[in-house]
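> sequence-free structure coming up:
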């Protein structure tokens, strides 16, 4: 009981999750150069508050050698990959659909003198997908994609991983189905119903569903945790390719 309880507590502590060596002023300059949306600044400077991303990265860091090849679809400005770079990882790859975010990520990597290879691509239908990967990281984007499914995602990325390779991801839980107005976009709650957009949280799955989908696509869930107080409630999973 002690070890699981200790792991539970450590996953919720903010220590060691921040990017080092980037000042607010330097980041503001890079933000202005790239014209990246303002939320990237929060994602970088307040990274330790984004527990779902931090835990996924820390779990990978704990199980992988430092020469492991790690790929992050939907990497944004690369904050997660750069954190891994500061932990000593040297083969870091990512893709995102936003050109401005990619420019910001490249400039951040240069400022921090970290290795980072990122390019523009569609996370659900990638044109360039590295193979023989040791790990894939996917947080904070899949459940925002209309018509996306976890099964389709796992099916698409399965063969890019080595057998025994890891996939760390997060998922909005079905707890959100009980939140009033959950069918609407959170920024539109105060608008008349006819002007509201559908919810930005398009996939919601509980642990049993994630486990079942993982098994069907050649993965095993080897670790998970749920951030019950997050809004929306999110869970993080560490999967391993079994076949």
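Structure received. Quantities reported herein were computed from a predicted structural model and do not represent experimental measurements.
> which strand runs longest in the chain?
Counting residues, the longest strand in the chain under DSSP state E turns out to be strand 161-172.
> buried sites along that one?
Buried residues in strand 161-172, counting neighbours by 16 or more other C-beta atoms under 10 Å, are found at 161, 165-172. All C-beta spots, glycine's among them, are computed from the backbone N, C-alpha and C.
> stretch 118-127 now?
Taking 16+ other C-beta under 10 Å as the neighbour-count basis, stretch 118-127 is seen to contain the buried residues 118, 121, 123-124, 126.
> same check, this time on stretch 29-42
For stretch 29-42, the neighbour count (16+ other C-beta under 10 Å) marks 30-31, 34, 36-37, 40-41 as buried.
> contact partners of stretch 183-199?
Contacts of stretch 183-199 with the rest of the structure, by C-beta atoms under 8 Å, 6 or more residues apart in numbering, involve 181-182, 200.
> how far does stretch 24-33 sit from the chain's center?
Using C-alpha atoms, centre = their mean, to the nearest Å, we find the averaged C-alpha position of stretch 24-33 to lie 23 Å away from the chain's own average C-alpha position.
> same question, stretch 205-215
Here stretch 205-215 shows a centroid-to-chain-centroid distance of 18 Å under the convention C-alpha atoms, centre = their mean.
> what does that stretch rub up against?
150-151, 154, 171-174, 220-221, 224, 226, 235, 237, 239.
> try it again at 7 Å.
In this structure, residues lying in contact with stretch 205-215 by C-beta atoms under 7 Å, 6 or more residues apart in numbering are 150-151, 154, 171, 173-174, 220-221, 224, 235, 237, 239.
> what about it, average pLDDT?
Along stretch 205-215, the predicted local confidence has a mean pLDDT of 98.
> give me the angle between the helix or strand that comes right after the longest strand of the chain and strand 161-172.
Sequence order places helix 207-216 as the next helix or strand after strand 161-172, per DSSP states H and E. Between helix 207-216 and strand 161-172, the angle comes out at 160 degrees (axes from the mean of the first three to the mean of the last three C-alpha atoms, to 10 degrees).
> how far is helix 207-216 from where the chain is centred?
Here the centre of mass of C-alpha atoms in helix 207-216, compared against the chain's by C-alpha atoms, centre = their mean, lies 19 Å away.
> go on, stretch 206-219?
Here stretch 206-219 shows a centroid-to-chain-centroid distance of 18 Å under the convention C-alpha atoms, centre = their mean.
> which parts of it are buried?
Result for stretch 206-219 [16+ other C-beta under 10 Å]: buried residues 207, 210-211, 213-214, 217-219.
> between the contacts of stretch 183-199, which is nearest residue 81?
Out of the contacts of stretch 183-199, the one with the shortest distance to residue 81 is residue 200. That distance is 23.7 Å, counting by C-beta to C-beta.
> what about that closest one, how many residues close to it?
By other C-beta atoms under 10 Å, 16 other residues sit near residue 200.
> just to check, it is in contact with residue 146?
No: contact between residue 200 and residue 146 fails when scored by C-beta atoms under 7 Å: they sit 9.6 Å apart.
> quickly list what residue 91 is bridged to.
Listed beta-bridge partners, residue 91: residue 69 (assigned using DSSP bridges).
> who touches it in this structure?
67-70.
> quick one: residue 4 is in a helix?
Yes: applying DSSP: H, G, I helix; E, B strand; the rest coil, one finds residue 4 inside a helix.
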